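In: no FASTA, just this:
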């Protein structure tokens with residue numbers, strides 16, 4: 001199978017970042033660090049601590065995935081604020097960790113990304129077998145061109 005040099009560079013970058021993250025998380029003291037929020041009397045309003053307002057999270061699932069890494073950029077035209085975009089055929093399994101970021105793209109050249117006046121961002125990334133669903137916000141009153149960047 002042939003792979004472009006740009007895809008090789010992207011894959012190398014993702015693998016490098018993954019290796020650094022794994023090394024940092026396995027360093028003594030980091031993986032076992034206490035992440036419980038501490039109350040601070042100076043930053044808590046009206047005598048309430050941050051812990052009072054937000055109960056501790058409870059772990060309910062812990063899954064490891066052995067899938068290979070991937071990066072992909074998909075560009076779309078006519079995206080409305082709050083629209084859910086689905087990438088069918090994605091190389092993923094349900095629940096697999098995936099990140100998605102969004103950027104504005106030109107209307108005439110939909111694959112030409114740029115920083116414009118729209119407040120483009122992604123949220124609610126959901127992974128099902130062979131598909132990734134992402135809610136995209138544009139902060140714009142009319143449909144826009146956007147590009148979604150996936151890493152998994």
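Out: Thanks, I have it. Since the model is a prediction, treat every value here as computed from it, not as a measurement.

In: tell me which element residue 146 falls in.
Out: strand 144-151 (DSSP states H and E).

In: so what secondary structure elements neighbour that strand?
Out: Under the contact criterion of 3 or more C-beta pairs under 8 Å, 6 or more residues apart in numbering; DSSP states H and E, strand 144-151 touches strand 71-79, strand 83-88, strand 99-105, strand 131-137. Using the backbone N, CA and C atoms, a C-beta is placed for each residue, glycine as well.

In: ok, then the element right after the third one?
Out: Note on strand 99-105: by DSSP H and E, the next helix or strand toward the C-terminus is strand 113-114.

In: So what's the model's average confidence on that next one?
Out: Averaging pLDDT along strand 113-114 gives 88.

In: One more: stretch 125-141?
Out: On average, stretch 125-141 scores 95.

In: ok, back up a step: let me know the angle separating the strand holding residue 146 from strand 131-137.
Out: If you take axes from the mean of the first three to the mean of the last three C-alpha atoms, to 10 degrees, strand 144-151 sits at 130 degrees to strand 131-137.

In: Who does strand 144-151 pair with, and is each partner parallel or antiparallel?
Out: With DSSP bridges as the test, strand 144-151 is paired with strand 71-79 (antiparallel), strand 99-105 (antiparallel).

In: So which of the ones you listed is the most surrounded?
Out: strand 99-105 (a mean of 20; mean count of other C-beta atoms under 10 Å).

In: what does that one rub up against?
Out: Residues from elsewhere that reach strand 99-105 (C-beta atoms under 8 Å, 6 or more residues apart in numbering): 75-77, 111-116, 118, 120-122, 125, 132, 134, 136, 138, 144-152.
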